[in-house]
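Participant: return atomic coordinates for the entry below.
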Amino acid sequence: MATHPLKVSAPSLVVVGRRIGSLRDSLVAKWARYLAERQTGTVMLGLPATERLLRIIVDLLAHMSGPLRREADETWFAATELYGRLAAVRGLSAGEVVEELQYLRELLTRDLADIFVALPARQQLPTLLRINRVLDRGVANAVVGYTDALVATMFSREGVPVPTTDHVQQLLGQLDGIEAELRMLGERSAR
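Facilitator: Numbering: from 1, shown residues only. Below you'll find the model as predicted:
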């Protein structure tokens, strides 16, 4: 993770980032419940692993709206790309990957509506657009990860996309590195 000088964030983005951080557990629980309902007929990664990744994504989203957004950018890319790779392991289609991340947007829109409305009129749209831009990049990164995983699986297994336990454990092992980077972001933001 590269360290950059802190970039000044609009006060509205700081407020939104803090609110996302305070709502993390609620957002993760709702998002995980939504994913569990959709899991029928797919490979399960297990609730702890799924919630761990969702928690990372929500935490990073909070950082992406604040002064550490340039530092969090690479970690955001890695986390959302990993989300796509794990979606390929779960046997989802690319459209389902997009739908799952769009559900996070829906949750944020509902849970942050009061904050957006309370902002001064000239800050409402730019703040909403910034959060949506970050989410759009996350969706694109997830689709890239999904596509890369699918292509790699097809080449390595003669066109038969069957995930092995080792492959899944290797992907889940990447969560440790992403969590370490997230901890460094949290320590830096506390200064």
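
Participant: wait, residue 168 touches residue 85, no?
Facilitator: No. With contact defined as CB atoms under 8 Å, residue 168 does not reach residue 85; the gap is 9.9 Å. Bear in mind the C-beta positions are built from the backbone N, C-alpha and C, glycine included.

Participant: between those two, who's got more neighbours?
Facilitator: Legend: neighbour count by other CB atoms under 10 Å for residue 168 and residue 85, higher for residue 85 (27 against 18).

Participant: host element of that one?
Facilitator: Residue 85 belongs to helix 69-89 when assigned by DSSP states H and E.

Participant: and residue 91, helix, strand or coil?
Facilitator: coil (DSSP: H, G, I helix; E, B strand; the rest coil).

Participant: quick one: contacts for the spatially most central residue of the chain?
Facilitator: Note on the chain: the residue nearest the mean C-alpha position is residue 57, at 3.1 Å, using CA atoms, centre = their mean. By CB atoms under 8 Å, 6 or more residues apart in numbering, the contact set of residue 57 is 79-80, 83, 104, 138.

Participant: which of those are buried? Put it as a PyMOL command.
Facilitator: To isolate the buried members of the contacts of residue 57 in PyMOL, using 16 or more other CB atoms under 10 Å:
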select buried, resi 79+80+83+104+138
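
Participant: just how off-centre is the helix ranked longest in the chain within its chain?
Facilitator: Secondary structure of the chain per DSSP state H: the longest helix is helix 121-156. Taking CA atoms, centre = their mean, to the nearest Å, one finds helix 121-156 lying 8 Å from the centre of the chain it belongs to.

Participant: now residue 188: how far from residue 70?
Facilitator: According to CB to CB, to the nearest Å, residue 188 stands 12 Å off from residue 70.
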